[in-house]
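Trainee: 3D model of this:
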Amino acid sequence: MSEQTFQITGMDCADCARSIEKGVAKLDGVALCRLNFTTETLRVDGSVDQETVVNRIRELGYNVAAPAAEQTAPPPAAFFPYLWQRRDTRLALLAALLILPGLVFHELLPGAGIDGVWIDLTAVLAMIIAGLPILKSAWTAVRVNHEININVLMSIAAIGAVLIGAYTEAGMVMVLFVVAEAIEGYATARARQSIRSLMELAPGKATVLRFCIDCASHMGQDGYDGGPCPICGLEEQRVPVADLRLGETIVVKPGERVPMDGRLLSGSSAVNQAPITGESVPVEKQPGDDLFAGSINGQGTLEIEVTHLAEDNTISRLIRLVAEAQESQAPAQRFVDQFARYYTPAVVAIAALVAIVPPLFFSQPLVAAADPAQGWLYRALALLVVACPCALVISTPVSIVSAISNGARHGVI
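Mentor: The predicted structure is shown next:
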């Protein structure tokens with residue numbers, strides 16, 4: 001038994017996370033599967049091999065990225081560029097143009113007298129273009145997970161609208177659903193980026209005092225034949241913080257951020273620790289005092305002995321605390337997730353009753369010939385669309401991750 005960790009990409013809501021979790025859990029050899037939506041981290045316990053897990057994730061319509069790539073991922077673009085960079089949303093925007101004739105001449109201006117088969121055909125084409133990824137995901141959910149999820153619900157609504165001749169509505173359902181999913185994905189990406197932005201509290205490079213190695217200028221002088229140069233002595237060198245070693249001395253000049261946790265060797269200064277501790281007043285530091293990575297030096301030049309490696313400094317520990325806090329679901333989030341698990345199948349069942357009971361027991365029309373909107377099948381399909389639980393499911397985790405990250409940036413943790 002071993003634990004494997006995967007970084008999932010492409011999730012827009014917690015329902016996506018549940019589908020992945022359930023699909024991976026069905027693989028042979030998986031003893032335990034846990035996926036945290038807010039951190040996009042999937043942990044799998046068992047004897048299953050990594051390739052099998054990755055293939056199942058991709059089969060479900062998502063992808064896997066290296067954890068390091070996630071940590072260095074760029075922040076989400078502005079809203080409209082973010083929509084445009086997603087392939088599914090680009091297709092939905094194209095489909096929106098195709099449903100414009102039906103929206104204008106069938107819904108807004110039905111008395112204009114402009115009609116034709118081409119309007120219905122463009123609406124159906126819009127439904128196919130925008131909805132194909134949703135239809136594929138719905139089929140995978142039924143075939144692999146044996147469940148009815150949000151994509152299944154929307155697929156039933158769109159296909160049903162086509163069957164009763166409400167072609168414009170079929171296209172609108174898919175276009176609006178895809179755009180809504182993209183909006184949810186944007187909100188979630190912004191929340192996740194607030195965690196990654198904690199890394200910006202500490203600089204990526206540090207000024208370290210090191211000997212010049214294999215100095216060409218002094219080679220052969222006073223018996224020097226390579227290695228640390230005794231003539232040059234210690235020199236200031238700019239290096240990535242990941243290359244710092246325990247015990248090395250770094251130099252922090254006035255106004256710079258402290259790049260690494262350490263102990264002050266020489267110099268004195270008032271250090272602003274607000275980004276880390278939340279203290280509003282700078283703290284006077286004297287030789288022997290400890291300093292936190294990410295704090296801001298005041299007026300003095302400091303020489304600091306490195307006491308922690310990059311993966312164990314204050315910023316890294318802070319980020320781990322935030323991630324661990326998000327791994328533990330709040331009671332409200334657990335309730336919403338459990339509610340949504342039963343809510344979606346229940347909505348489909350209620351919609352089926354709405355479509356069947358009035359025509360069967362009260363002689364009401366299933367599909368009205370004159371106006372499809374007067375039939376009970378149309379009303380059942382409308383119920384499926386209105387009852388989509390995406391907004392409810394996404395609200396709690398995004399609120400929680402935003403609150404925790406905001407607290408971390410202001411030194412609450």
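
Trainee: where does the most centrally placed residue in the chain fall, helix, sheet strand or coil?
Mentor: Taking C-alpha atoms, centre = their mean, the centroid of the chain lies closest to Ala189, which sits 4.4 Å from it. Here Ala189 is helix, with the state taken from DSSP: H, G, I helix; E, B strand; the rest coil.

Trainee: for it, report the pLDDT, please.
Mentor: Here the pLDDT value assigned to Ala189 is 76.

Trainee: and the most far-flung residue of the chain relative to its centre, how far is that from Glu235?
Mentor: Seen from the C-alpha centroid of the chain, the residue lying at the greatest distance (C-alpha atoms, centre = their mean) is Asp222, 59.7 Å away. Separation of Asp222 from Glu235 (C-beta to C-beta, to the nearest Å) stands at 18 Å. Bear in mind the C-beta positions are built from the backbone N, C-alpha and C, glycine included.

Trainee: quick check: the residue farthest from the centre of the chain touching Pro230?
Mentor: Yes: when contacts are counted by C-beta atoms under 8 Å, Asp222 is listed as touching Pro230 (7.5 Å).

Trainee: longest helix of this protein?
Mentor: helix 331-362 (DSSP state H).

Trainee: mean confidence score for that helix?
Mentor: Mean predicted lDDT for helix 331-362 stands at 81.

Trainee: which is the next helix or strand following it?
Mentor: helix 376-386 (DSSP states H and E).

Trainee: list the buried residues for that following helix?
Mentor: Neighbour counts using 16 or more other C-beta atoms under 10 Å place Trp376, Leu377, Tyr378, Ala380, Leu381, Ala382, Leu383, Leu384, Val385 of helix 376-386 among the buried residues.

Trainee: flag the least confident of those residues.
Mentor: Val385 (76).

Trainee: that one: what's its closest spatial neighbour, skipping adjacent residues?
Mentor: Ala157 (5.1 Å; C-beta to C-beta, 6 or more residues apart in numbering).

Trainee: the one you found: what's it in contact with?
Mentor: Taking C-beta atoms under 8 Å, 6 or more residues apart in numbering, we find Ala157 in contact with Val173, Leu381, Leu384, Val385.

Trainee: same question for Arg379.
Mentor: By C-beta under 8 Å, 6+ apart, the residues touching Arg379 are Val354, Ala355.

Trainee: tell me, what's the model's pLDDT at it?
Mentor: For Arg379, the predicted pLDDT is 90.

Trainee: Gly165 versus that one, what's the distance?
Mentor: 15 Å.

Trainee: hmm, back to that, any idea which of the buried residues of helix 376-386 is the one closest to Glu184?
Mentor: Val385 (16.0 Å; C-beta to C-beta).

Trainee: pretty sure that closest one sits against Met154.
Mentor: Yes: using C-beta under 8 Å, Val385 is in contact with Met154, at 7.4 Å.

Trainee: find residues that contact each of the two.
Mentor: In contact with both Val385 and Met154: Val173, using C-beta under 8 Å, 6+ apart.

Trainee: wait, Val348 sits on Ile148?
Mentor: Yes: look at Val348 against Ile148 with C-beta under 8 Å: they come within range, at 5.5 Å.

Trainee: point out where the stretch 51-200 of the chain drops to low pLDDT.
Mentor: Low-confidence segments of the stretch 51-200 of the chain (pLDDT under 70): 66-77, 191-192, 194-200.

Trainee: let's go with 90 and repeat that
Mentor: Low-confidence segments of the stretch 51-200 of the chain (pLDDT under 90): 59-63, 65-89, 102-117, 137-138, 141-142, 144-170, 172-200.

Trainee: show me where it has its helices.
Mentor: 67-71, 79-85, 87-98, 100-102, 117-140, 150-163, 167-196 (DSSP state H, counting those that start in this stretch).

Trainee: could you export these as TSV, including distance to Ala202?
Mentor: As requested, those are exported to TSV (distance: least, C-beta to C-beta, whole Å):
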stretch	distance to Ala202
helix 67-71	13
helix 79-85	27
helix 87-98	35
helix 100-102	50
helix 117-140	40
helix 150-163	40
helix 167-196	13
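
Trainee: if I pick Leu32, what's in contact with it?
Mentor: Applying C-beta under 8 Å, 6+ apart, the residues near Leu32 are Arg43, Val44, Asp45, Gly46.

Trainee: distance-wise, check the last one relative to Val367.
Mentor: Right, Gly46. Taking C-beta to C-beta, one finds Gly46 at 49 Å from Val367.

Trainee: got it, and the first one?
Mentor: Using C-beta to C-beta, we find Arg43 at a distance of 49 Å from Val367.

Trainee: looking at those two, which is more packed in?
Mentor: Ranked by neighbour count (other C-beta atoms under 10 Å), Arg43 and Val367 place Val367 first, with 17 against 14.

Trainee: could you find the closest non-adjacent residue to that one?
Mentor: Spatial nearest neighbour of Val367, excluding adjacent residues (C-beta to C-beta, 6+ apart): Gly375 at 4.2 Å.
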